[in-house]
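Participant: Sharing a sequence plus its predicted fold:
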Amino acid sequence: MNRKKILVAGAGGFIGGHLVNDLVSKGHNVIATDIKSIDKWFQISSEADNHADCDMRLKDNCYQLSRDVDRIYNLACNMGGMGFIQNNHALCMESVLIQTHMLMAARDNGVPEILYSSSACVYPVEAQSEIKDAQAQGLKEKHAYPANPEDGYGWEKLFSEIITQYFDKDFGIDHRICRFHNVYGPYGTWKDGREKAPAALCRKIIKAKRNGNHVIEVWGDGEQTRSFLYINDCITGMEKIWSSGYKKPLNLGSSEMVSVNQLIDIISGIAGITVAREYNLTKPQGVRGRNSDNTLIKEITGWEPSISLQKGLEKTYDWIETEIEKK
């Protein structure tokens with residue numbers, strides 16, 4: 001195996017924690033960094049060189065930590081679920097500093113490779129404004145232009161995609177761009193406003209079961225659609241995309257689309273209860289419908305995510321239930 005020295009920015013986050021463990025298990029020398037204090041990291045690998053309280057928006061931090069590095073995975077950004085994204089546009093936009101400074105550091109420190117974690121939020125809002133069937137709702141990579149992404153977070157991701165490609169064109173930094181579609185699973189955010197729908201609904205249904213009041217609040221009418229990517233498929237997908245040599249953005253998401261109501265049905269089935277739903281139309285709901293079109297990733301890599309939503313939610317539910325029982 002070709003052992004590499006790899007910098008993972010955002011290592012204290014959900015995806016970053018899983019990625020660090022995967023890279024360490026494969027024998028790589030990993031530098032793990034995150035803006036959070038070490039006690040707030042979702043996972044900590046004792047075999048990585050961990051740097052907590054490290055703001056990668058700051059140019060000096062990018063330069064210092066990328067010295068003598070072979071590859072960078074930039075997963076660092078200020079983000080959360082729809083409630084956070086729709087109410088913190090400026091904070092989300094500040095994350096353009098992370099990839100910009102990371103690319104400058106890679107250029108000046110001679111780092112040859114970088115992977116950027118983008119998002120399905122780069123796709124135009126109008127392409128996601130109606131509820132359609134799974135195939136019609138699928139977003140192809142080419143649909144990102146003409147551009148009209150989600151305010152704040154979507155524009156930050158799209159800008160960072162563009163500058164990453166320019167740094168390859170102008171300075172020869174080999175790159176990959178993964179457009180994540182709603183990644184979920186154990187060791188992720190499940191409370192306090194930054195969690196995504198699978199974790200939020202698991203928490204609500206677990207608490208409803210525990211307190212005997214089988215009623216939950218649902219943001220919107222429950223008919224909005226999404227696809228959700230289990231974390232193991234996400235980690236595998238990053239490796240597949242890197243190995244492919246493909247330099248344009250690629251969707252990394254499941255094509256198993258469900259409505260929020262269907263998502264609730266699955267989770268309540270796992271819990272073994274039936275829940276009543278109080279729909280709150282005043283809460284952030286995001287786009288009306290979104291799914292991942294996996295035509296291109298299958299063509300490029302010969303692979304696509306395959307872990308079913310049922311299986312992934314069972315593991316996620318069990319982990320969140322254990323976390324709640326600790327409190």
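Facilitator: Great, that's in hand.
Participant: Helices along the stretch 201-327 of the chain, start to end?
Facilitator: 231-244, 260-271, 295-301, 309-326 (DSSP state H, counting those that start in this stretch).
Participant: Now tell me what touches the first one from outside.
Facilitator: Yep, that's helix 231-244 we're talking about. The contact list for helix 231-244 (Cβ atoms under 8 Å, 6 or more residues apart in numbering) reads 14-15, 18-19, 22, 73, 115, 176, 178, 180, 183-188, 229, 250, 252, 254, 297, 300-301, 303, 305-307, 312. Every residue, glycine included, has its C-beta placed from N, CA and C.
Participant: and if you look at the shortest one?
Facilitator: Defining contact as Cβ under 8 Å, 6+ apart, one finds that helix 295-301 is touched by 140-141, 237, 240-241, 243-244, 246, 250-252, 303-304.
Participant: among these, which ones are buried?
Facilitator: 141, 237, 240-241, 244, 246, 250-252, 303-304 (16 or more other Cβ atoms under 10 Å).
Participant: Going by distance to Leu65, which of those wins?
Facilitator: Closest approach between the buried ones among the contacts of helix 295-301 and Leu65, by Cβ to Cβ: Ile241, at 23.3 Å.
Participant: Count the neighbours of Glu256 for me.
Facilitator: Neighbour count of Glu256, defined by other Cβ atoms under 10 Å: 18.
Participant: what's the answer for Lys207, then?
Facilitator: Using other Cβ under 10 Å, Lys207 has 14 neighbouring residues.
Participant: Who are the contact partners of the closest residue in space to His51 that isn't next to it in sequence?
Facilitator: Using Cβ to Cβ, 6 or more residues apart in numbering and skipping residues adjacent in sequence, the residue nearest His51 is Thr33, 4.2 Å away. Residues near Thr33 by Cβ under 8 Å, 6+ apart: 7-11, 50-52, 54, 56, 61, 65, 76.
Participant: Which pLDDT does the model give Thr33?
Facilitator: pLDDT recorded at Thr33 is 98.
Participant: Please apply the same query to Glu130.
Facilitator: 88.
Participant: ok, now which ones touch it?
Facilitator: By Cβ under 8 Å, 6+ apart, the contact set of Glu130 is 288-289.
Participant: Just confirm it is within a strand.
Facilitator: No - according to DSSP: H, G, I helix; E, B strand; the rest coil, Glu130 belongs to no strand; its state is coil.
Participant: thinking again about what came up before, could you identify the buried members of the contacts of helix 231-244?
Facilitator: 14-15, 18-19, 22, 73, 115, 176, 178, 180, 183-188, 229, 250, 252, 254, 297, 301, 303, 305, 307, 312.
Participant: Look up the closest residue to Ile307, ignoring the ones flanking it.
Facilitator: Take Ile307 and drop its neighbours on the chain: the residue closest to it by Cβ to Cβ, 6+ apart is Tyr230, 4.2 Å away.
Participant: That neighbour contacts Ser306, correct?
Facilitator: No - counting by Cβ atoms under 8 Å, Ser306 is not a contact partner of Tyr230; they are 9.3 Å apart.
Participant: nearest to Asp133, of the contacts of helix 295-301?
Facilitator: Nearest to Asp133 among those, with distances taken as Cβ to Cβ, is Lys140, at 15.4 Å.
Participant: List the residues that contact the closest one.
Facilitator: 251, 293, 295-296.
Participant: just to revisit the earlier point, so the residue nearest to His51 bridges to which residues?
Facilitator: On the basis of DSSP bridges, Thr33 is bridged to Ala9, His51.
Participant: And this structure, what are its domain boundaries?
Facilitator: The record, using automatic domain parsing to delimit domains, assigns the chain the ranges 5-185+228-256+291-306, 197-224+258-287+315-326.
Participant: deepest of these, which one?
Facilitator: With neighbours taken as mean count of other Cβ atoms under 10 Å, these reach their highest mean count in domain 5-185+228-256+291-306, at a mean of 20.
Participant: now do the same end-to-end measure for it.
Facilitator: Counting by Cα to Cα, to the nearest Å, you get 30 Å between the two ends of domain 5-185+228-256+291-306.
Participant: Show me how far that domain is from its chain's centre.
Facilitator: A distance of 7 Å separates the centroid of the chain from that of domain 5-185+228-256+291-306, by Cα atoms, centre = their mean, to the nearest Å.
Participant: ditto for stretch 257-268
Facilitator: Computed by Cα atoms, centre = their mean, the chain-centroid distance of stretch 257-268 equals 20 Å.
Participant: Thank you kindly, that will do.
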